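Undergrad: below are the sequence and a predicted model for it; my questions follow.
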There are 2 protein chains.
Amino acid sequence: MSIQSRQLMEQLKVLFEPSSVAVVGASNDPSKWGFRILSNVLSGGFEGKVYAVNPNVPQVLNVGTYPRVTDIPEVPDLVVIVVPPPAVPGVMRDCAAKGVPAVVVITAGFAEVGGEGARLEQEITEIARSGGIRFVGPNCFGILNPHHKLYTQMPPIFPPPGPFGVISQSGNIIGTISRVLIQRAYGCSKCVSIGNQADLTAEDYLEYFAQDPLTKVILCYIEGFKDGVRFFKLAKETSKRKPIVLLKAGHTPAGARAAQSHTASLAGSGAVIDAMCRQAGVIRVRSLDELVDVGIAFLRQPLPKGRRVGVVTAGGGWGVLAADACAEAGLEVVTLPEETVKELDSFMPPWWSRGNPVDLVAGTSGDDLFRAVETVLRCPAVDGVIMLGLMPVMNPGQFGRRSEGDDKDQTRDAMVAGAARTIDRLIEISDRYDKPLVIASEPLGFGSAVNRRIAHAIADRNTVCYEMPHQAAAVFAKLLQYSEYRRQEQ
Amino acid sequence: MSIQSRQLMEQLKVLFEPSSVAVVGASNDPSKWGFRILSNVLSGGFEGKVYAVNPNVPQVLNVGTYPRVTDIPEVPDLVVIVVPPPAVPGVMRDCAAKGVPAVVVITAGFAEVGGEGARLEQEITEIARSGGIRFVGPNCFGILNPHHKLYTQMPPIFPPPGPFGVISQSGNIIGTISRVLIQRAYGCSKCVSIGNQADLTAEDYLEYFAQDPLTKVILCYIEGFKDGVRFFKLAKETSKRKPIVLLKAGHTPAGARAAQSHTASLAGSGAVIDAMCRQAGVIRVRSLDELVDVGIAFLRQPLPKGRRVGVVTAGGGWGVLAADACAEAGLEVVTLPEETVKELDSFMPPWWSRGNPVDLVAGTSGDDLFRAVETVLRCPAVDGVIMLGLMPVMNPGQFGRRSEGDDKDQTRDAMVAGAARTIDRLIEISDRYDKPLVIASEPLGFGSAVNRRIAHAIADRNTVCYEMPHQAAAVFAKLLQYSEYRRQEQ
């Protein structure tokens, strides 16, 4: 690692793991961002010292205030700035005078509006540079490090610690990604809303997340690259050991115009980005849900060695939709060899489909289902399995009308335990044959509370159960794409 | 209406609105479908007489049994058959002898397995025909008519009464569509799992739903048409007043092979289906979520008169993603005329984007947001608006940390009321200019319970708030497609 890189890593470590945080522009008015950010820092349970800076009131949210950063009795590691644009240079000067190493500038109204804003951005960047300050933004939503209980973001959303490092050029998209992660019972290692990248850039964060042992998969939302050459050079190295999933926005003329006014980004054409992603092993996705869905798949699925898919389905329609989606994604729903069909014949009900998809039809359940999955996954003509519908492996009795005396809590506990056991068995099969087993299913429990618990049980096993058949096919195709990059780079 | 059609309508009315139902093969074993179906009929609250037929036990689920259909003291309007395949012809014969008008054959193992199954299907079809019986299936999940409290389906899922008529060639997909409808706080008018269509076909149900006043939008999942000419002829007429949304599966070779073994369907090529859909005004979608999402849009959105879209967004990234999605869907993110920009300038914060998407940026809220939407929607250069993010119109104070004394129930009630008021105002604006206003937003409330209540409040207004920006663009494009058909057919 170069001296420059080592220094950057140290600077970013202070940014993401500060021992103290000051919020400049802290406010008691709940409609102000200066209220919400301090509130989020406090609600997030940050364990270091928290300072509020506001010259007009003695305290904000029960935190005593200081008139200026220079009045704080220690040097805060991180200063979050939420004052109006014209006041930002003064605060940055105070930070430099105080010796603050890391700053987040939330405030908008800089380069993205042009004119005076661009000038102001230039000014704060120069102050920071000469003062030895590294800063995020301006025009951003803040940063998160759940492992460090650090939440400086604007919306009151608190993803728990988890394996995903998130780099986003849009603040509201940090909110959406966090929400989708939470829905899937996942969390993040670090999140950064990069804003206008006046100082620190997407490339800097990528370099840091590449080194960060708590970040297992990197998720990026990018409108335009500040230094595309460096991004893809870093990505090419990083992808050899850590997957990078990219949602590149602004690839149409309309989207590019929108990106220009949003973050002053010059967006590249779709085809160029596609080619660069391919060369660098970056997995490109098309929507925010796919960004998270594909990201989770990389946590523990063995990578497929080819495009030949076996589909095992508990429902015919889902099987047809998955077969269509596989074909569209370039996967082959392979014809099963005779000996595999024969083996399935030995235990499947007489009316099974005898083809791929293996349609379990109503009536198969329990051990036969695991056996069917294992038989198909073991088959040398198959590189991985898409399994659709976990309902049949759950105890069917629990889905009927129950007698009055039933203990509902016990039933719910049994559902959660049953789901966990099922996932454990499927993971074991997948691991045994070192082939991916991608699952989609209707929710396994009844009621949102029990489904929430099941989602957590599944997430604890570093996997996920997709909701729709086409998602499983799309994810399998992305696993294959990454697998091909990894093999080619070995 | 032809005599034949009139007769069919009467037959289907008895099927969907029976005054009595008998379940043949009713069982006390919770792992049997004969248990689940009777249980669902009872749990669904069917108000007519319910009979259980089983020669081996005196009662099932507290319902006294009869050994055979012929032993039932009245003629049941509807008989649901769940006995093994070889026993079905005998039951069908009993139904004919008894004079039963309508039957649902749940049992699988007929034409879809070929050979003896195909012969059996032929046999039961002939018995039914000569006995004047119309029947659904075989190899199906049953039918639902929530307005009539009739739930004969296999999975224990109970969509409430609602505006959607659902025709599905796959049983498990009826389950998925029902679940997605319930998630969106919607229900259905009637659902039918059509199975092998030995007697009644998708075309028959389409003709019935076209006439049914409670069915406002028809959702179809089809693998292969029994009589494609009749389907599209009916669809062409129906589409002039009632939208039909179609998920056609099996359009790839792999999907077609899966469809063949699933429902013995010969699937047509994608391009042919596309052309027929275009000519008949049928709106074709690509996934189960899209089927429901597009269906809901047709309930109350004014149809756009052109492809020029205004995007009003509370977050920059969402705006860029929506602009990309619009461009990909063939919509034009139009340049706003100078007078519209000027008008927006008069009340927007100085740093607003001055382009389309209209980025409200943090800081705009309340009335200004409604005003921005109205200004763009009123603009003659715009055929409709995609609005992204409703958070800013909610009272921002509610998102911060709250004092201990807050009444949580009051807060929740206020959130629900606020969301309802917001939607009412937006509907009013949309109606005033007779242009569609498609909304996507992060969930408005905190916690799943309050979001559930908000979803219901929104559904009560016959609209929906999509979760992702690309969904709103896709839906707008489908509204336009239908609008073009309607105008061309006028």
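TA: On my side now, so go ahead. Residues are numbered from 1 along each chain as shown, chains lettered A, B, ... in the order given.

Undergrad: establish whether stretch A:349-358 and chain B are in contact.
TA: Yes - for stretch A:349-358, a contact with chain B is found by C-beta under 8 Å from any C-beta of the partner chain, at A:350-351, A:353-357. From N, CA and C alone the C-beta is placed, and that goes for glycine too.

Undergrad: quick one: the residues you listed as JSON lines, columns for distance to A:Gly117 too.
TA: Formatted as JSON lines, the residues of stretch A:349-358 next to chain B follow (distance: C-beta to C-beta, whole Å):
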{"residue": "A:Pro350", "distance to A:Gly117": "73"}
{"residue": "A:Trp351", "distance to A:Gly117": "69"}
{"residue": "A:Ser353", "distance to A:Gly117": "63"}
{"residue": "A:Arg354", "distance to A:Gly117": "67"}
{"residue": "A:Gly355", "distance to A:Gly117": "62"}
{"residue": "A:Asn356", "distance to A:Gly117": "58"}
{"residue": "A:Pro357", "distance to A:Gly117": "56"}
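
Undergrad: among those, which ones are buried?
TA: Listed as buried from the residues of stretch A:349-358 next to chain B are A:351, A:353, A:355-357; burial here means 16 or more other C-beta atoms under 10 Å in any protein chain shown.

Undergrad: want to throw these into JSON lines with pLDDT, secondary structure and distance to B:Val373?
TA: JSON lines is the format used below for those (pLDDT from 0 to 100; DSSP: H, G, I helix; E, B strand; the rest coil; distance: C-beta to C-beta, whole Å):
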{"residue": "A:Trp351", "pLDDT": "72", "secondary structure": "coil", "distance to B:Val373": "56"}
{"residue": "A:Ser353", "pLDDT": "79", "secondary structure": "coil", "distance to B:Val373": "51"}
{"residue": "A:Gly355", "pLDDT": "91", "secondary structure": "coil", "distance to B:Val373": "52"}
{"residue": "A:Asn356", "pLDDT": "95", "secondary structure": "coil", "distance to B:Val373": "50"}
{"residue": "A:Pro357", "pLDDT": "95", "secondary structure": "coil", "distance to B:Val373": "46"}
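
Undergrad: what is the nearest of the residues you listed to B:Asp407?
TA: Closest approach to B:Asp407 among these (C-beta to C-beta): A:Pro357, at 53.1 Å.

Undergrad: mind listing what the closest one touches?
TA: Neighbouring residues of A:Pro357 by C-beta atoms under 8 Å, 6 or more residues apart in numbering or on different chains: A:311-313, A:319-320, A:322-323, A:333, A:388, B:258, B:261.

Undergrad: helices along the stretch 151-300 of chain A, start to end?
TA: A:171-183, A:202-211, A:228-238, A:253-263, A:270-280, A:288-300 (DSSP state H, counting those that start in this stretch).

Undergrad: among those helices, show the one with the smallest mean pLDDT.
TA: Mean pLDDT per stretch puts helix A:253-263 lowest among the helices of the stretch 151-300 of chain A, at a mean of 82.

Undergrad: what is the orientation angle of that one with helix A:270-280?
TA: In terms of direction (axes from the mean of the first three to the mean of the last three C-alpha atoms, to 10 degrees), helix A:253-263 departs from helix A:270-280 by 70 degrees.

Undergrad: of all the buried ones among the residues of stretch A:349-358 next to chain B, which two lie farthest apart?
TA: Maximum pairwise distance in those, criterion C-beta to C-beta, is 16.3 Å, between A:Trp351 and A:Asn356.

Undergrad: strands paired with the longest strand seen in chain A, and their directions?
TA: Longest strand in chain A, counting residues (DSSP state E): strand A:161-168. Strand A:161-168 sits in its sheet next to strand A:188-193 (parallel), strand A:217-222 (parallel), going by DSSP bridges.

Undergrad: now that strand against helix A:171-183, angle please.
TA: Going by the same axes, to 10 degrees, strand A:161-168 makes 160 degrees with helix A:171-183.

Undergrad: just want the angle from strand A:161-168 to helix A:202-211.
TA: Relative orientation of strand A:161-168 and helix A:202-211, computed by the same axes, to 10 degrees: 160 degrees.

Undergrad: next, see if stretch A:38-58 gets close to chain B.
TA: Yes - against chain B, stretch A:38-58 shows contacts by C-beta under 8 Å from any C-beta at A:39, A:42-43.

Undergrad: of those residues, keep whichever come out buried.
TA: Of those, these count as buried by 16+ other C-beta under 10 Å: A:39, A:42.

Undergrad: now, which of the residues of stretch A:38-58 next to chain B lie within helices?
TA: A:39, A:42-43 (DSSP state H).

Undergrad: closest to chain B out of those?
TA: A:Ser39 (4.1 Å; C-beta to the nearest C-beta).

Undergrad: how far away is that closest one from B:Leu246?
TA: 49 Å (C-beta to C-beta, to the nearest Å).

Undergrad: list the contacts of A:Glu339.
TA: Per C-beta under 8 Å, 6+ apart, neighbours of A:Glu339: none.

Undergrad: can you pull the buried residues of the helix or strand hosting it?
TA: Applying DSSP states H and E as the criterion places A:Glu339 in helix A:338-345. Neighbour-count burial for helix A:338-345, counted by 16+ other C-beta under 10 Å, picks out A:340-341, A:343-344.

Undergrad: averaged pLDDT, it. What do you get?
TA: 95.

Undergrad: ok, which residues in the stretch 151-300 of chain A are in contact with chain B?
TA: The stretch 151-300 of chain A comes close to chain B at residues A:154-156, A:168-173, A:175-176, A:179, A:221, A:223, A:249-255, A:257-259, A:261-263, A:286-289, as judged by C-beta under 8 Å from any C-beta.

Undergrad: try 6 Å this time
TA: For the stretch 151-300 of chain A, the contact set with chain B under C-beta under 6 Å from any C-beta of the partner chain comprises A:156, A:170, A:172-173, A:223, A:249-250, A:252, A:254-255, A:258-259, A:261-262, A:287.

Undergrad: which of those are buried?
TA: A:156, A:170, A:172-173, A:223, A:249-250, A:252, A:254-255, A:258-259, A:261-262.

Undergrad: biggest separation within those, which pair?
TA: A:Pro156 and A:Thr252, at 32.9 Å, using C-beta to C-beta across those.

Undergrad: residue ranges with poor pLDDT in chain A?
TA: Residue ranges of chain A with pLDDT under 70: A:262-268, A:361-365, A:394-406.

Undergrad: quick one, domains of it?
TA: A:1-139, A:141-300, A:301-489 (automatic domain parsing).

Undergrad: deepest in the core, which of these is it.
TA: By mean neighbour count, with neighbours taken as mean count of other C-beta atoms under 10 Å in any protein chain shown, domain A:141-300 ranks first of these at a mean of 22.

Undergrad: just give me how far that domain sits from the chain centre.
TA: 8 Å (C-alpha atoms, centre = their mean, to the nearest Å).

Undergrad: what's the span of it, first residue to last?
TA: Using C-alpha to C-alpha, to the nearest Å, the end-to-end distance of domain A:141-300 comes to 31 Å.

Undergrad: do stretch A:443-454 as well
TA: Stretch A:443-454 has an end-to-end distance of 9 Å (criterion: C-alpha to C-alpha).

Undergrad: that one close to chain B?
TA: Yes - judged by C-beta under 6 Å from any C-beta, stretch A:443-454 and chain B are in contact via A:Ser448.

Undergrad: which other residues reach that stretch?
TA: A:390, A:412, A:415-416, A:419, B:448 (C-beta atoms under 6 Å, 6 or more residues apart in numbering or on different chains).

Undergrad: before we move on, back to that, kindly reformat the helices of the stretch 151-300 of chain A as TSV containing distance to A:Phe164.
TA: Formatted as TSV, the helices of the stretch 151-300 of chain A follow (distance: least, C-beta to C-beta, whole Å):
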stretch	distance to A:Phe164
helix A:171-183	7
helix A:202-211	9
helix A:228-238	14
helix A:253-263	22
helix A:270-280	19
helix A:288-300	6
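
Undergrad: so how far is A:Pro380 from A:Val334?
TA: 11 Å.
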